[in-house]
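>>> just a sequence and a predicted model for now, questions to come.
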Amino acid sequence: MLVLEKRERPGIKILISGGGHCNVTTTLAPREAEAQFGLGAGRFLRQAIRATPPERIRSWLREFGVETFEAEFDKVWPVSRRAKDVVDALASRARLAGAQFRFGAAVQAVRATPDSWRLNLEDASTVDARFVVLATGGLSYPKTGTTGDGYRWLRELGVAIEEPRPALAPLRVDDPWVHALSGLTLEHVECQLREATGRIAWRRRRPVLFTHKGLSGPGAMDASARLEREPGRYRFHVDLCPDQDEAWLREELFTGTGQLDARIARLCGVPRRLATAIALRVSPGVAPSEVPKGQRTALIAELRGLAFDVRGSLGFSQAEVTTGGVQLDQVDPRTMELRDHPGLYVTGELLDVDGPIGGFSFLAAFATGALAGRSAANVNRQP
Ligand SMILES: Cc1cc2nc3c(=O)[nH]c(=O)nc-3n(C[C@H](O)[C@H](O)[C@H](O)COP(=O)(O)OP(=O)(O)OC[C@H]3O[C@@H](n4cnc5c(N)ncnc54)[C@H](O)[C@@H]3O)c2cc1C
């Protein structure tokens, strides 16, 4: 088995993942993990994740001396907190299985020959192979080497590709009041995507961070794929006090004297700076019990779903993954082989699968990669 890698070392994305610590997988059981990818993609990934569940990924690493631990939000990290240990373990594992690595080997084209596949490399050499597993990643963080080459080759072969777009990316919001709160984090909030009717189409309890360009943090980034795929369909909201009863909130918020922003901060558990910004927008300079009735309703609505005018994401340069890619009906989920191109397998971010932050991207990449490799090896052994 030959691994062709355009960069000078393996696993660059793993090295920079999780801030250099690598959130390598999830603690969730296969069924729950697959559900994180949504209905269609989850069903597509079922066999791959069953064959390589999160527990298996942890045992791969353990066999090479990399212990892992479970942390908040169902995340799994190496005990050493060093992504490099994960890369070294996986590379050792691949070498032990017979893989040879060729670095600085940029593939330029993948073409069918009568009985195999021909890869044209940048240095004008070629490699012929009966089985080719494409694992060239998506378009995110292109400076790491993932420049969407795989999509181009597959398009040339007539494979249907869902338009690749940035995902798990910070959101761009142009409102000055948002920028003014840069650096502020909301920990215990619920992020929501609401349709024009008010229906909540998506919700997730994850922290949000205000930045000088808009919003970041897992809650905002998890929403980015849907906002990118269907621009204009949803509005991004943050429920600042998802655990509070609305009637109780109304009662507590508008009785007595004192300052409205201090009351908001205490009852909702949000930073005072944000509470002040909200109070100023709704009822500037008014004591809690003097807030007019109509404004009370507006204020409660803000607290239970602060709305942001999101102008898309900050793009591929800051997106952790790509949404879109090879349409799933083109691929056999039992093997990862392209249905119309025997011997050509597609894995990881090249596929139209993307999950939330939490080790799910690696789970999908490792599980589909392992399935493709195993399937190609099995066919290879057949007479
Ligand atoms: C900043 C950041 C942090 C992340 N953190 C996490 C995290 O903590 N947990 C998590 O689960 N996911 C995380 N991800 C996402 C995760 O890294 C990717 O989803 C995953 O690496 C995708 O795996 P892949 O095998 O599909 O592609 P990649 O890991 O992107 O690998 C593709 C490889 O193909 C090579 N290549 C590309 N084109 C060619 C060519 N023409 N010829 C030869 N080689 C080529 C590239 O150099 C690259 O090494 C993070 C991503 C980023 C950008």
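Everything's here; your move.

>>> around the ligand, which positions in the stretch 201-350 of the chain sit nearby?
E320, V321, G348, E349 (CB under 6 Å from any ligand atom). Backbone N, C-alpha and C define where each C-beta goes, glycine included.

>>> A129 touches L119, doesn't it?
Yes: counting by CB atoms under 8 Å, L119 is a contact partner of A129 at 7.1 Å.

>>> take the residues of the stretch 201-350 of the chain next to the ligand and keep only those in strands.
Among those, the members found in strands (DSSP state E) are V321.

>>> pick the one among the residues of the stretch 201-350 of the chain next to the ligand closest to L280.
Nearest to L280, judged by CB to CB, of these is E320 at 34.3 Å.

>>> taking this structure, what residue is nearest to the ligand?
Per CB to the nearest ligand atom, the residue of the chain with the smallest distance to the ligand is G348, at 2.2 Å.

>>> got the contact list for that residue?
When contacts are counted by CB atoms under 8 Å, 6 or more residues apart in numbering, G348 touches A135, G137, A364, A365, T368, G369.

>>> in a helix, the last one, correct?
Yes: counting by DSSP: H, G, I helix; E, B strand; the rest coil, G369 is located in a helix.

>>> what about the strands in the stretch 251-383 of the chain?
Under the criterion DSSP state E, counting those that start in this stretch, strands of the stretch 251-383 of the chain are mapped to 306-308, 310-313, 321-326, 344-346.

>>> who does the second one pair up with?
According to DSSP bridges, strand 310-313 has the following sheet partners: strand 171-173 (antiparallel).

>>> average pLDDT for the helix or strand following the partner strand?
Remark: after strand 171-173, the chain's next helix or strand is helix 176-179, criterion DSSP states H and E. Per-residue pLDDT values over helix 176-179 give a mean of 95.

>>> same question for the helix or strand just after helix 176-179, mean pLDDT?
For helix 176-179, the following helix or strand on the C-terminal side (DSSP H and E) is strand 185-186. The average pLDDT within strand 185-186 is 97.

>>> strand 185-186 packs against which elements?
strand 208-210, helix 217-229 (3 or more CB pairs under 8 Å, 6 or more residues apart in numbering; DSSP states H and E).

>>> direction included, what does the shortest one pair up with?
Right, strand 208-210. In the sheet, strand 208-210 lines up with strand 185-186 (antiparallel), strand 214-216 (antiparallel) (DSSP bridges).
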